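Peer 1: below are the sequence and a predicted model for it; my questions follow.
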Protein chains: 2
Amino acid sequence: MSKRQNILDAAKNLLWEQGFEAMSPKKVMRLSGAGQGSLYHHFEGKEDLALAALTEVDSELRAAIDSIFDAGKDPMDRLYDYLNTPRGELQGCKLGRLVGEKTIIESNICTIVGAYFDYVCAHLKAALLEAKASGDLPPHLDAEAVSRSLAAIIQGGYILARGTGDARQMQMAQEGAWAMIEGLSSAH
Amino acid sequence: MSKRQNILDAAKNLLWEQGFEAMSPKKVMRLSGAGQGSLYHHFEGKEDLALAALTEVDSELRAAIDSIFDAGKDPMDRLYDYLNTPRGELQGCKLGRLVGEKTIIESNICTIVGAYFDYVCAHLKAALLEAKASGDLPPHLDAEAVSRSLAAIIQGGYILARGTGDARQMQMAQEGAWAMIEGLSSAH
DNA sequence: GTCTATACGATGATAGAC
DNA sequence: GTCTATCATCGTATAGAC
């Protein structure tokens, strides 16, 4: 495997485990086995490296989302699957976790995260609209707003879990979300 | 005003605007006008200072929560008020925002955040249970799980808003949450 | 209590040899 | 492409004078 990819993989790991500010070039070098020269030959600097690493992460996350929101599936099944995917790690969303850092907000990295959120919400909204159209959800439900709520439950679930050190908080947040969606479905 | 309080206020501002890792003793000194000697006289170090500052923040946030969840209010009104309090800042929750940082997770600071989350969820759960008892919400709704979902919507709403740079994302997440609660209320 | 001086490792990057 | 110096700056803390 090329040094470049070694560096990229190390950066991905460190971003995931420690965040952007804590991901120093030195740590990347240690973890990848590459020297300083290699790092600055392949990447312009720390932010450029993170940008490249997170572009790969973005692709991986979108692939998982595409699988959950397969257009061939029933819309309620898509929602169920999104809200029941096990999310046990206390580490948080590989992209969402980063926006707590001020440096991220001020950098180009933030656009990757924002676009990913929009991507997820678009899938959620489509499923909600289809479910409304087929009579599975009440016709006046605000699909746009609810899509944001459901995405927020996942991101916020990670926050609760990390804050309390209890991974079940995420599971409860997800269960509560489905309980509300299911309640709206069966009762209108 | 005492130097000690100046230092504490500066720390609170920096924690709120930049996070824990970015809050260096040097920045606290500049912002507070205090010298290094004062800082280390009143506090053992950076973590001790943050702990003291966030203990004050915790009290302030709990007071706001107590006001929203006034026991004299109708339970549905309490839920409505929690989900309709304007949360326009992109800065995020003064406590929840911090748990993205690895250093926080490994420190005693995390227990403050976790306890605050539990406090909020307890109030939410109580309101949900009362609403169920009075027939405003369906009897089988899982109050524990939904309380976590609603708290997660607030924390996650901040994440969405910061990631996209659009404060309205938080507002939408809150509106969607109320749409679901209200839908459950009117339809069962 | 408050200040200045000092220490030492880490950070993020550049220079130049191979 | 990859490596090893080398650098200025910052972060965190201690020492000791006033």
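Peer 2: That came through fine.
Peer 1: for residue A:57, see how far away residue A:79 is.
Peer 2: 24 Å (CB to CB, to the nearest Å). (Each C-beta comes from the backbone N, C-alpha and C, glycine too.)
Peer 1: among the two, which residue is more densely surrounded?
Peer 2: Neighbour count, other CB atoms under 10 Å in any protein chain shown: between residue A:79 and residue A:57, residue A:79 has more, with 29 against 19.
Peer 1: which residues are contacting the helix or strand hosting that one?
Peer 2: Using DSSP states H and E, the element containing residue A:79 is helix A:75-84. The contact list for helix A:75-84 (CB atoms under 8 Å, 6 or more residues apart in numbering or on different chains) reads A:68-70, A:73, A:123-124, A:126-128, A:130-131, A:134, A:136, A:150, A:153, A:174, A:177-178, A:181, A:185.
Peer 1: my guess is residue A:169 meets residue B:149, correct?
Peer 2: No: assessed by CB atoms under 8 Å, residue A:169 is found out of contact with residue B:149, at 10.3 Å.
Peer 1: please see if the longest helix seen in chain A touches DNA strand C.
Peer 2: Using DSSP state H, we find that the single longest helix of chain A is helix A:109-133. No: against DNA strand C, helix A:109-133 shows no contacts by CB under 7 Å from any atom of the strand, the least distance being 13.3 Å.
Peer 1: which strands and helices sit next to the helix or strand following that helix?
Peer 2: Next along the chain after helix A:109-133, taking DSSP H and E as the criterion, comes helix A:143-164. Helix A:143-164 is packed against helix A:75-84, helix A:109-133, helix A:168-187, helix B:109-133, helix B:143-164, helix B:168-187, with contacts defined by 3 or more CB pairs under 8 Å, 6 or more residues apart in numbering or on different chains; DSSP states H and E.
Peer 1: want to try TSV for those, with mean pLDDT and distance to residue B:15 as columns?
Peer 2: Output for those, formatted as TSV (pLDDT from 0 to 100; distance: least, CB to CB, whole Å):
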stretch	mean pLDDT	distance to residue B:15
helix A:75-84	98	33
helix A:109-133	98	21
helix A:168-187	95	23
helix B:109-133	98	10
helix B:143-164	98	15
helix B:168-187	95	20
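Peer 1: what's the most buried one of these?
Peer 2: Highest mean neighbour count of the helices and strands packed on helix A:143-164: helix B:143-164, a mean of 27 (counted as mean count of other CB atoms under 10 Å in any protein chain shown).
Peer 1: before we move on, back to that, by contact count, what packs against the longest helix of chain A?
Peer 2: helix A:46-68, helix A:75-84, helix A:143-164, helix B:143-164.
Peer 1: using CSV, list the CA coordinates for the second one.
Peer 2: This points to helix A:75-84. C-alpha atoms of helix A:75-84 as CSV (Å, rounded to 0.1, in the frame of the first residue of the first chain):
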residue,chain,number,x,y,z
PRO,A,75,-41.1,4.1,2.9
MET,A,76,-42.1,3.1,6.4
ASP,A,77,-39.5,0.3,6.2
ARG,A,78,-36.9,2.9,5.2
LEU,A,79,-37.8,5.0,8.2
TYR,A,80,-37.8,2.0,10.5
ASP,A,81,-34.4,0.9,9.3
TYR,A,82,-32.9,4.3,9.7
LEU,A,83,-34.2,4.5,13.2
ASN,A,84,-33.2,1.0,14.1
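Peer 1: beyond it, next helix or strand please.
Peer 2: helix A:102-105.
Peer 1: give the rounded mean pLDDT of that next one.
Peer 2: Helix A:102-105 comes out with an average pLDDT of 95.
Peer 1: do that helix and chain B meet?
Peer 2: Yes: legend: contact between helix A:102-105 and chain B by CB under 8 Å from any CB of the partner chain is shown at A:102-103, A:105.
Peer 1: by how many degrees do the longest helix of chain A and helix A:143-164 diverge?
Peer 2: With axes from the mean of the first three to the mean of the last three CA atoms, to 10 degrees as the basis, helix A:109-133 and helix A:143-164 are set at 120 degrees to each other.
Peer 1: chain center to helix A:109-133: distance?
Peer 2: The chain centroid and the centroid of helix A:109-133 are separated by 11 Å, computed with CA atoms, centre = their mean, to the nearest Å.
Peer 1: how about stretch A:130-141?
Peer 2: That offset, for stretch A:130-141, works out to 26 Å (CA atoms, centre = their mean).
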